[in-house]
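**Q** Provided below are the primary sequence and the corresponding predicted coordinates.
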Amino acid sequence: MPEAGPPTPFPAAAVQELVIEAGRTERHYWADLWRYRELLGFLAWRDLKVRYKQAVLGAGWALIQPIITTAIFTFVFGRLAGMPSGGVPYPVLVLAGLLPWQLFSNSLNGTSNSVVGNSHLISKVYFPRLIIPLSSLAVAIVDFLIVLALFLVISLWFGTVPGWQWLVLPVFILLALLLALGAGLWLTSLTVKYRDFRYLVPFLLQVGLFVSPVGYRTDNFPNWRALMALNPLTGIIDGFRWCLLGGAQQLDPRSLVVSVLAIAVLLGGGLWYFRKTERQFADVI
Amino acid sequence: MSAIIVEGLSKRYQIGHERSHDTLRDALSHGARNLWSRLRNPGNDSTTLEEFWALRDVSLRVEPGEVVGIIGRNGAGKSTLLKILSRITEPTTGSVRLRGRVASLLEVGTGFHPELTGRENIFLNGAILGMQRAEIRRKFDEIVAFAEIDRFLDTPVKRYSSGMYVRLAFAVAAHLEPEILIVDEVLAVGDAQFQQKCLGKMQAIAADQGRTILFVSHNLKAVEHLCSRGLLLERGRIVMNDTAHKVVADYLHRVAAQPRANVARALNDELDLTGLSFAPATGRTREPLEFTLTFRAKRECVLQDLHLFFYNSFGERATILDLRDTASPGGLRPVPAGRQLHIAGCIARLMLVEGNYRVGFTLRTARHFETCHDLADLPITAPPSQGGLQPYAPEYQGAVLLDHEFTARID
């Protein structure tokens, strides 16, 4: 094609065209997200590296907190309140519930602060913003895996051998992550505009720790199970206990349905709200 | 086929809406007040929001291989234009068509983490700027050589001097290979020698590889030198689009005629700049000049670097004023949240040749690197000549005065 001016040094087929307009939803958003997957990896790697570089105890911190919480809950719920453990050593019972709880609460904490915490990137570079909350999950996942290893050691110590139910565990891990991500997407986009939501998260998590069956079993309260099932975490925590304690915990289908529905609503809505507001992040932040 | 086509681009910010609704309570009370006043006088839409057009109806075409310099005062809309082209913010109206891979460099070292080493930051920063891991690995040695930091490759960047920091950051960015490169005032940091090297690199990119470059700078000499075309922005509009040489000449003419707005501004989530002043407001050569610089900390932060820049009317740096804390180790100066940092001092004798200077600053905390090259004006005049001699013309005198004495003797 004869044209005036300097020849284009790039073959026409390789040249991509980008159109920027008000209110134009990026057509290539999901393709872009895939193209930027390496950035996702780098941001996750940065968070992990910084976390363990600055702390002298490093991975030790990931263990200290659950060990102390397990000891306290065993004492309060197992000894003082004398709740039945269903034949499982009480510390093992608590730790099996603490695992999903910590995965959820660390993930929620990380995602809900992620956008404001990376404001310097948002105001200077383009990339699909969804990468930020996604990459913030890495620290929570690594901490979780460390505690999972601790759980394995402790349960073997108490003589519990892992059953075939362990194979189902990835499903419940995914559910816990998706639930945290769904809520986190709402919170992180709302925090950009209303910093109040920063104070909401610690409060929610504090309440959640006691409302959810972390220190006790749902099997102990057959009359309250229906009410407890309204908490989307109940199904996930019960699921974890069912996997980790070799079936010494009943699975309540109602609570599982609530969990899956809550995830669908929170994650669907969270994605929609995040995508809707992310275009203004740089202007508001 | 043009590389960049901008048509009718405008960007509106709503001050007092997006800025002040930091808390939910504000939003709720504002909403309630709005509702109340709408109920009382329907039809009168009581938006008390102040609108501010950062860009107004900007249209522009850039051909492949062109290097376009954008100049204008602070607040003229230069950065907003670059932010829209970089997809960081959305336009309010209008459209942009970009043909080719775009990379933008709006800040040196975006995403650098102080705790990570130089090596780690090369990878992180490269990925943030849109490079693939394999690409970074391939260019790694070249980047390190360009930055001249090989001995400090495994030192956390928080221990780097600001010169090293900037060199490393620019080295990563210089090795991007986009078809369109968008650069905001990043060359002005760093030492003169490195600036030359960066300019040379940019020139090579544009000339040999046919890249399109959009370049914002206060360094008018660099714009004249590097750019084939210049754009002059004023209050969000393009007021001139011509050869770089003509645009620079016109800008110098306009700047001399304009008074300047207040210097106070929000810098980032840590600090606000609350004031910069000189006494006397018009400096006099060879006489003392007092300066005051104030910041307010919104959250606790530690200042690692702070200095003022003095640019002559061509945008060439005349000198800097080092304001780092020499008394504390590493020059770290913590500022508690909610407090003012008040820096005042005196230049004993102002040894700059008369002329109109512009003053800017750079500051660095653990989390931010802020640079502003055009913050305040400082006109400097010379006292009437002594001894009835005709003074030399300022252009003839060069940049600095010397504090000298001499005797002459005839033997």
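**A** That came through, no problem. Numbers count the residues shown, from 1 in each chain, chains lettered A, B, ... in the order given.
**Q** what does the stretch 151-285 of chain A put close to chain B?
**A** A:193-197, A:279-280, A:282-284 (CB under 8 Å from any CB of the partner chain). Yep, even glycine has a C-beta here, placed from its N, CA and C like the rest.
**Q** Give me the subset of those residues lying in helices.
**A** Members of these lying in helices (criterion: DSSP state H): A:193, A:197, A:282-284.
**Q** Most neighbours out of these, which is it?
**A** A:Ala282 (22 neighbours; other CB atoms under 10 Å in any protein chain shown).
**Q** how about that residue, what does it touch?
**A** Counting by CB atoms under 8 Å, 6 or more residues apart in numbering or on different chains, A:Ala282 touches A:122-123, B:83, B:88-89.
**Q** Now render the residues you listed as a markdown table, adding pLDDT, distance to B:Arg137 and secondary structure.
**A** Output for those, formatted as a markdown table (pLDDT from 0 to 100; distance: CB to CB, whole Å; DSSP: H, G, I helix; E, B strand; the rest coil):
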| residue | pLDDT | distance to B:Arg137 | secondary structure |
| --- | --- | --- | --- |
| A:Ile122 | 91 | 27 | helix |
| A:Ser123 | 88 | 29 | coil |
| B:Lys83 | 92 | 30 | helix |
| B:Ile88 | 91 | 27 | coil |
| B:Thr89 | 90 | 32 | coil |
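**Q** Which single one of those is nearest to B:Asp269?
**A** A:Ser123 (9.9 Å; CB to CB).
**Q** Show the contacting residues for that closest one.
**A** Contacts of A:Ser123 by CB under 8 Å, 6+ apart are A:282, A:285, B:88.
**Q** Show me what counts as buried in stretch A:35-49.
**A** By neighbour count with 16 or more other CB atoms under 10 Å in any protein chain shown, stretch A:35-49 contains the buried residues A:36, A:38-40, A:42-49.
**Q** okay, these in TSV with pLDDT next?
**A** Shown next, in TSV, are the buried residues of stretch A:35-49 (pLDDT from 0 to 100):
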residue	pLDDT
A:Tyr36	88
A:Glu38	90
A:Leu39	92
A:Leu40	93
A:Phe42	93
A:Leu43	94
A:Ala44	94
A:Trp45	93
A:Arg46	92
A:Asp47	91
A:Leu48	89
A:Lys49	88
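**Q** Now intersect these with the helices, please.
**A** Per DSSP H, the subset of those in helices is A:38-40, A:42-49.
**Q** from those residues, which are also near chain B?
**A** Answer for those near chain B (CB under 8 Å from any CB): A:38-39, A:42, A:45-46, A:49.
**Q** okay if I get the contacts of A:Ser123 as CSV plus distance to B:Pro394?
**A** Output for the contacts of A:Ser123, formatted as CSV (distance: CB to CB, whole Å):
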residue, distance to B:Pro394
A:Ala282, 43
A:Ile285, 44
B:Ile88, 41
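**Q** quick one: which of these is nearest to B:Ser228?
**A** B:Ile88 (26.2 Å).
**Q** for the chain, what spans make up the helices?
**A** In the absence of a named chain, chain A is used. A:29-35, A:37-54, A:60-73, A:90-117, A:119-122, A:131-135, A:137-157, A:169-193, A:197-211, A:225-228, A:232-244, A:253-278, A:281-284.
**Q** my bad, the chain I had in mind was chain B
**A** B:24-40, B:78-85, B:118-128, B:133-147, B:162-174, B:192-209, B:220-226, B:244-257, B:394-397.
**Q** can you tell me which of these the model trusts least?
**A** Of all the helices of chain B, mean pLDDT reaches its minimum on helix B:24-40 (a mean of 65).
**Q** Tell me the confidence at the closest residue to B:Leu303 other than its chain neighbours?
**A** Nearest residue to B:Leu303, sequence neighbours excluded (CB to CB, 6 or more residues apart in numbering or on different chains): B:Arg333, at 4.3 Å. Looking at B:Arg333, its pLDDT reads 83.
**Q** what residues are up against B:Arg333?
**A** B:302-303, B:306, B:324-325, B:341.
**Q** Please give me every residue in contact with A:Thr74.
**A** A:90-91, A:94.
**Q** export those to a markdown table and tack on neighbour count?
**A** Output for the contacts of A:Thr74, formatted as a markdown table (neighbours: other CB atoms under 10 Å in any protein chain shown):
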| residue | neighbour count |
| --- | --- |
| A:Tyr90 | 21 |
| A:Pro91 | 22 |
| A:Val94 | 27 |
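**Q** give me the beta-bridge partners of B:Arg296?
**A** B:Asp272, B:Gln340 (DSSP bridges).
**Q** residues near it, how many?
**A** 20.
**Q** isn't it right up against B:Gly275?
**A** No - counting by CB atoms under 8 Å, B:Arg296 sits too far from B:Gly275 to count as a contact (9.6 Å).
**Q** if we can go back for a sec, got CSV for the ones next to chain B among the ones in helices among the buried residues of stretch A:35-49, with distance to A:Ile263 too?
**A** Below are those laid out as CSV (distance: CB to CB, whole Å):
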residue, distance to A:Ile263
A:Glu38, 28
A:Leu39, 26
A:Phe42, 28
A:Trp45, 27
A:Arg46, 28
A:Lys49, 30
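**Q** Compute the distance between the residue nearest to B:Leu303 and chain A, please.
**A** In this view, B:Arg333 and chain A are 20 Å apart by CB to the nearest CB, to the nearest Å.
**Q** swap in B:Leu303?
**A** Taking CB to the nearest CB, one finds B:Leu303 at 16 Å from chain A.
**Q** tell me, how many neighbours does that residue end up with?
**A** 24.
**Q** Name all residues that make contact with the closest residue to A:Arg51 other than its chain neighbours.
**A** Excluding the flanking residues, the one nearest A:Arg51 by CB to CB, 6+ apart is A:Val139, at 5.7 Å. Applying CB under 8 Å, 6+ apart to A:Val139 gives the contacts A:44, A:47-48, A:51, A:106, A:110.
**Q** Can you name the residues that contact B:Gly109?
**A** Residues near B:Gly109 by CB under 8 Å, 6+ apart: B:121, B:125, B:157, B:165-166, B:168-169, B:369.
**Q** Model confidence score at it, please.
**A** As predicted, B:Gly109 sits at a pLDDT of 78.
**Q** Low-confidence bits of chain B, can you list those?
**A** Along chain B, segments meeting pLDDT under 70 span B:15-49, B:186-192, B:256-261, B:385-388.
**Q** Tell me how far B:Tyr357 lies from B:Arg317.
**A** 10 Å (CB to CB, to the nearest Å).
**Q** Need the residues touching each of these two.
**A** Contact criterion CB under 8 Å, 6+ apart; residues shared by B:Tyr357 and B:Arg317: B:310-311.
**Q** Next to chain A, which bits of the stretch 251-400 of chain B? Give me the list.
**A** B:268-269, B:367-368.
**Q** Please name the residues that touch the residue nearest to B:Leu233 when sequence neighbours are not counted.
**A** Excluding its sequence neighbours, the residue lying closest to B:Leu233 (CB to CB, 6+ apart) is B:Gly72, at 3.7 Å. Counting by CB under 8 Å, 6+ apart, B:Gly72 makes contact with B:78, B:232-234, B:251.
**Q** so can I have TSV of those residues showing distance to A:Phe274 and neighbour count?
**A** Formatted as TSV, the contacts of B:Gly72 follow (distance: CB to CB, whole Å; neighbours: other CB atoms under 10 Å in any protein chain shown):
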residue	distance to A:Phe274	neighbour count
B:Lys78	30	24
B:Leu232	39	23
B:Leu233	33	23
B:Glu234	37	17
B:Tyr251	42	22
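**Q** which of these sit farthest apart?
**A** B:Lys78 and B:Tyr251 (12.0 Å).
**Q** joint contacts of those two?
**A** B:71-72.
**Q** and the contacts of B:Arg333, which are buried?
**A** B:303, B:306, B:324-325, B:341.
**Q** Among those, which one lies nearest to B:Leu176?
**A** Of all the buried ones among the contacts of B:Arg333, B:Leu306 has the smallest distance to B:Leu176: 29.7 Å, by CB to CB.
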